[in-house]
Every structure is written in structure tokens, then in C-alpha cells.
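>>> let's see this in three dimensions:
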Amino acid sequence: MLIDTNILIYATFQAAAEHDQARLWLQAQLQTGSVVLSWPVIYALVRLITSPRIFGASALSVAAGWNVAQGYLDQSGVRMVTAGPLHQSIALDLANTPGLRSDDVPDIEIAALAIEHGLVLASHDRGFRRFSGVRVVDPLNNEPRL
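Below you'll find the predicted structure:
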């Protein structure tokens with residue numbers, strides 16, 4: 001299961017309303033060894049948790065943000081995926097989804113990774129549901145689309 005950035009953020013920040021549910025769900029996934037991460041998700045995690053604009057006084061330093069990311073990467077139940085030979089054509093197909101804006105480009109990359117590697121995407125972001133071929137589950141709402 002490819003984990004989206006928002007799940008990691010909720011699992012990280014105790015002040016998030018979704019923290020307990022995301023943390024428990026992610027811990028269970030880690031125990032089964034079914035967590036897949038990608039570099040776009042890791043970089044987005046660090047960028048967001050270090051942003052004072054988003055987290056105010058709770059924002060971490062960049063070094064501390066990388067330590068959080070490293071903590072996830074060091075888990076024995078985590079596997080990393082990267083773009084492969086089909087990524088470009090999958091991304092091009094996804095880019096033709098009607099109504100996309102520039103802010104949706106990172107989602108194209110994550111959705112393409114999920115499709116290319118045959119993974120379910122775990123995300124609390126309903127926007128992924130617009131992409132054809134992406135299997136999405138929202139572990140915080142128990143609303144799978146598989």
C-alpha cells in the first residue's frame with residue numbers, strides 16, 4: 001500500500017484531529033510490512049512539516065523534519081518505489097484528466113507510481129479519486145475504492 005503524505009502528517013503531529021486514528025492505522029500497516037513510500041511523498045512530508053505557514057510555531061526545522069522522514073524510512077516494514085519504464089506514459093494519461101490545475105501535478109506523480117507498481121494508494125485526499133485506474137482507500141474514513 002502506497003502511503004500518501006497526508007497520512008504521514010496526521011500520524012506525526014499529535015495536534016491533528018486525525019492523529020490517533022492515522023497513527024494506529026499506520027502502526028498496524030508497519031507491523032504487516034505493507035507500507036510503501038516514495039520520494040515525492042517523503043519530500044512533501046518534510047516540506048510541509050517544516051512550514052511555519054502551515055504549522056505555525058509547531059513547524060519543525062528542516063533537520064528535524066528529515067529526522068522524522070528518516071524515522072519512517074528506517075522502519076523494517078517500509079519499502080520504497082520509484083518511477084519505472086511505464087511511469088511517463090501513465091503520467092501522461094493521468095495528466096489528461098479533466099479539470100486538473102497546476103496544484104494537481106504532484107498528485108499525478110503519486111497516482112502514476114501507485115498504478116505502475118500495482119499498489120493501493122492510502123490517502124485522506126479525495127482528489128485522487130478523479131484519476132482513472134487508481135485504487136484508493138481512505139483509512140481515516142473507511143471508504144475504499146478498489
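
>>> residues contacting the residue lying farthest from the centre of the chain?
Ranked by distance from the centre of the chain (C-alpha atoms, centre = their mean), the top residue is Ala57, with 23.7 Å. With C-beta atoms under 8 Å, 6 or more residues apart in numbering as the criterion, no residue contacts Ala57. Where you see a C-beta, it was placed from the backbone N, CA and C, and this is true even at glycine.

>>> cool, and the one 3 residues further on?
Contact analysis of Leu60 by C-beta under 8 Å, 6+ apart lists Ile49, Thr50, Val68.

>>> report pLDDT for the residue farthest from the centre of the chain.
In the prediction, the pLDDT value recorded for Ala57 is 92.

>>> tell me how far the nearest residue in space to Gly99 that is not next to it in sequence lies from Asp107.
In space, and not counting its chain neighbours, Gly99 is closest to Arg130: 7.3 Å by C-beta to C-beta, 6 or more residues apart in numbering. To Asp107, Arg130 is 9 Å away according to C-beta to C-beta, to the nearest Å.

>>> now do the strands in the protein.
Along the chain, counting by DSSP state E, strands occupy 2-3, 35-38, 78-81, 120-122, 135-138, 143-145.

>>> can you put the ones you listed in CSV and add distance to Gln14, mean neighbour count and mean pLDDT?
Output for the strands of the chain, formatted as CSV (distance: least, C-beta to C-beta, whole Å; neighbours: other C-beta atoms under 10 Å; pLDDT from 0 to 100):
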stretch, distance to Gln14, mean neighbour count, mean pLDDT
strand 2-3, 19, 26, 98
strand 35-38, 20, 22, 98
strand 78-81, 21, 14, 97
strand 120-122, 20, 23, 97
strand 135-138, 21, 18, 96
strand 143-145, 24, 12, 52
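
>>> any chance of these in a markdown table, plus distance to Tyr72?
What follows is these, written out as a markdown table (distance: least, C-beta to C-beta, whole Å):
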| stretch | distance to Tyr72 |
| --- | --- |
| strand 2-3 | 9 |
| strand 35-38 | 7 |
| strand 78-81 | 6 |
| strand 120-122 | 13 |
| strand 135-138 | 19 |
| strand 143-145 | 23 |
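
>>> wait, which of those strands is closest to Ala91?
strand 35-38 (13.2 Å; C-beta to C-beta).
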